[in-house]
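[1] predicted model follows, preceded by the sequence.
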Amino acid sequence: MMDHFDVAVVGAGPAGGYCAYLLAKKGLSVLLLEKDRLTRYKACGGGIPSKVVSNIEFDVSEALEVRTEGAYIAYDIDDFITIAPENSVGWMVMRDRFDSLIVNEAGKKGVTVLEGTEMRGIEETPSRCTVRTNHGSFHASFVVGADGANSTVAKIIDHSRSIRKGIAISAEIYVPDKKFEKQGPYSTFDFGVVPKGYAWIFPKSDHLSIGMYSMLWSMPDIRKRLFDYIEKNPILRDYESISVHGHPIPLGRSRKSYGSNRIYLVGDAGGITDPFFGEGIYFAIESAKIAAKSIIDRLVEYGNIKTYTKDINEKLGRDLDYSYLMARFFYYNLRLSFSHIVRNTHINSIFTKLIRGDIGHKQCFYRSMVRLVTCLSRG
Ligand SMILES: Cc1cc2nc3c(=O)[nH]c(=O)nc-3n(C[C@H](O)[C@H](O)[C@H](O)COP(=O)(O)OP(=O)(O)OC[C@H]3O[C@@H](n4cnc5c(N)ncnc54)[C@H](O)[C@@H]3O)c2cc1C
């Protein structure tokens with residue numbers, strides 16, 4: 001095997017897989033390193049907005065499990081409203097199948113995929129990078145760090161210190177048929193059961209993915225809270241089997257830098273994740289696109305890590321800043337938010353548009369604020 005590549009991508013999640021695909025499609029030699037064996041389980045709700053499906057160049061329909069028709073928005077299980085927009089807001093995927101599909105497409109474009117290969121160190125010089133792994137060393141002109149929320153690449157370039165994190169825990173849960181049918185193609189978001197966050201129930205083809213997200217990093221009792229929620233919830237209690245997994249979620253904001261001279265950070269590794277919902281797949285795909293374009297431009301002598309940072313902040317970072325503002329307001333005034341935002345049909349339709357991808361976070365913020373102020377001033 002060759003030992004010098006144009007780009008070495010570390011991590012085969014959606015950010016790494018898609019970035020590798022785009023780079024190889026343009027004729028670059030690309031090495032994709034993944035420490036696990038594919039197909040691997042990934043702790044994730046697997047809820048993706050419709051815009052993810054339309055923004056990916058190839059067909060991902062094989063990995064789509066359920067089209068979501070609407071949502072139950074709840075405050076502590078019993079107090080809830082149903083939102084059933086005319087058009088579906090998104091899809092449910094299982095990450096093992098979704099991520100593998102992307103990596104397979106990358107492989108078809110000529111990417112060298114090394115599974116079970118863990119990146120253990122990177123030496124960056126002005127002209128190239130050397131990537132050390134458990135299976136030897138490789139050289140590359142550029143490295144893309146796509147190794148997730150606990151990114152080693154980000155630690156190596158000292159980027160991870162600036163990333164604040166929340167926590168999420170998820171479980172795959174099998175319930176009796178009648179209960180599964182009762183949930184139907186609807187997602188549940190329950191804002192009354194975990195501080196500064198929410199619990200979710202997402203329908204998959206033969207089971208439910210459930211979990212909790214909180215903006216608070218320190219939540220030692222989150223697992224207990226999840227099991228309390230299961231016991232209190234008539235759909236979930238009496239489950240037949242369950243497996244629980246937890247993982248940090250970066251609280252995305254615009255940042256001073258998303259890399260170093262020859263190292264680009266994408267997706268969770270760059271802290272590019274929506275702090276309101278804890279949703280990161282859309283941002284993984286979008287940052288992968290921006291990184292791929294930036295590296296390709298650079299090979300024809302245009303741009304550098306500063307232009308990449310500027311592009312990320314302009315195209316994604318501003319939205320993340322507004323998302324952070326909304327999250328701070330929403331979760332820190334939860335009672336008011338539930339009565340005046342969730343229960344307000346105008347505002348919840350604005351959020352539906354946001355989730356579907358029809359509007360960005362900035363528009364969502366201003367439109368919701370205008371509605372909220374109008375509503376509060378009328379008493
Ligand atoms: C419980 C939970 C629920 C979530 N639910 C949703 C949801 O419903 N919708 C949504 O959009 N987002 C959700 N997210 C967020 C979403 O999972 C992430 O934002 C997304 O996975 C980021 O993709 P990524 O490619 O950047 O990183 P990842 O998907 O984390 O992929 C990183 C990859 O790098 C590999 N890796 C790590 N270190 C190394 C190394 N040293 N060498 C080689 N390989 C390495 C890992 O094995 C992994 O395959 C959830 C997150 C959690 C924790």
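    Right, received. Where do you want to start? Numbering: from 1, shown residues only.
[2] buried sites along stretch 191-210?
    Buried residues in stretch 191-210, counted by 16 or more other Cβ atoms under 10 Å: 191-194, 196-204, 207-210. (C-beta placed from N, C-alpha, C; glycine too.)
[3] now the residue in the stretch 201-350 of the chain that the ligand sits nearest to: closest residue in space, sequence neighbours ignored.
    Nearest residue of the stretch 201-350 of the chain to the ligand: Gly280, at 1.8 Å (Cβ to the nearest ligand atom). Using Cβ to Cβ, 6 or more residues apart in numbering and skipping residues adjacent in sequence, the residue nearest Gly280 is Thr273, 3.8 Å away.
[4] and that neighbour, how far is that from Thr133?
    Distance check for Thr273 against Thr133: by Cβ to Cβ, to the nearest Å, it reads 26 Å.
[5] who has more neighbours out of those two?
    Counted by other Cβ atoms under 10 Å, Thr273 and Thr133 do not tie: Thr273 has more neighbours, with 29 against 19.
[6] I'd like to know how many residues surround Pro234.
    Residues near Pro234, counting by other Cβ under 10 Å: 10.
[7] any idea how far Thr307 is from the residue nearest the centre of the chain?
    In the chain, the residue lying closest to the centroid (Cα atoms, centre = their mean) is Gly280, at 1.4 Å. Using Cβ to Cβ, Gly280 is found at 23 Å from Thr307.
[8] give me the pLDDT for Tyr302.
    Tyr302 is assigned a predicted lDDT (pLDDT) of 75.
[9] what about it, how many neighbours?
    10.
[10] and it, what does it touch?
    Counting by Cβ atoms under 8 Å, 6 or more residues apart in numbering, Tyr302 touches no other residue.
[11] quick one on the thing from earlier: just confirm the residue of the stretch 201-350 of the chain closest to the ligand contacts Asp274, I think it does.
    Yes - in terms of Cβ atoms under 8 Å, Gly280 counts as a neighbour of Asp274; the distance is 6.8 Å.
[12] quick check: neighbours shared by the two?
    Gly252.
[13] which residues of the chain score low on pLDDT?
    Along the chain, segments meeting pLDDT under 70 span 2, 379.
[14] and the strands in the stretch 1-150 of the chain, which stretches?
    Along the stretch 1-150 of the chain, the segments classed as strands by DSSP state E, counting those that start in this stretch run 4-10, 30-33, 47-49, 64-68, 70-75, 79-83, 90-93, 112-114, 119-124, 129-133, 136-145.
[15] before we move on, what about the stretch 151-300 of the chain?
    Counting by DSSP E, counting those that start in this stretch, the strands of the stretch 151-300 of the chain are 165-174, 186-190, 197-203, 208-214, 241-250, 259-260, 263-265.
[16] could you export the fourth one as CSV, CA atoms only?
    Listed next in CSV are the C-alpha coordinates belonging to strand 208-214 (Å, rounded to 0.1, in the frame of the first residue of the first chain):
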residue,chain,number,x,y,z
LEU,A,208,-37.7,2.5,19.6
SER,A,209,-34.5,4.6,20.1
ILE,A,210,-34.9,6.6,23.3
GLY,A,211,-32.5,8.9,25.2
MET,A,212,-31.8,12.1,27.1
TYR,A,213,-29.8,15.1,26.2
SER,A,214,-28.7,17.8,28.6
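[17] each with direction, which strands does that strand pair with?
    The strands that strand 208-214 pairs with in its sheet are strand 165-174 (antiparallel), strand 197-203 (antiparallel) (by DSSP bridges).
[18] spell out which residues of the stretch 251-379 of the chain are next to the ligand.
    Gly267, Asp268, Ala269, Thr273, Gly278, Glu279, Gly280, Ile281, Tyr282, Ala284 (Cβ under 6 Å from any ligand atom).
[19] the fifth one - nearest residue in space that isn't next to it in sequence?
    Using Cβ to Cβ, 6+ apart and skipping the chain neighbours, the partner closest in space to Gly278 is Tyr213 (4.0 Å).
[20] let me know whether that neighbour touches Ile249 as I believe.
    Yes - using Cβ under 8 Å, Tyr213 is in contact with Ile249, at 6.6 Å.
[21] ok, the closest residue to Met94 other than its chain neighbours - contacts?
    Nearest residue to Met94, sequence neighbours excluded (Cβ to Cβ, 6+ apart): Gly46, at 5.7 Å. Contacts for Gly46 (Cβ under 8 Å, 6+ apart) come out as Glu65, Met92, Val93, Met94, Arg95, Phe98, Phe202, Lys204, Ser209.
[22] partners of the second one in the sheet?
    Listed by DSSP bridges, the beta-bridge partners for Met92 are Gly47, Val66.
[23] how close does it get to the ligand?
    Shown here: Met92 relative to the ligand, a distance of 8 Å by Cβ to the nearest ligand atom, to the nearest Å.
[24] can you give me how far stretch 70-79 is from the chain middle?
    Remark: stretch 70-79 is offset 23 Å from the chain centroid, using Cα atoms, centre = their mean, to the nearest Å.
[25] would you mark the buried spots in it?
    So, applying 16+ other Cβ under 10 Å, buried residues of stretch 70-79: Gly70, Ala71, Tyr72, Ile73, Ala74, Tyr75, Ile77.
[26] now do stretch 319-338
    So stretch 319-338, judged by 16+ other Cβ under 10 Å, has buried residues 319-327, 329-331, 334, 337-338.
[27] all helices of the chain, in order?
    Remark: helices assigned in the chain by DSSP state H are 14-25, 50-55, 95-108, 152-156, 177-183, 222-232, 281-299, 305-312, 318-332, 334-337, 345-356, 361-377.
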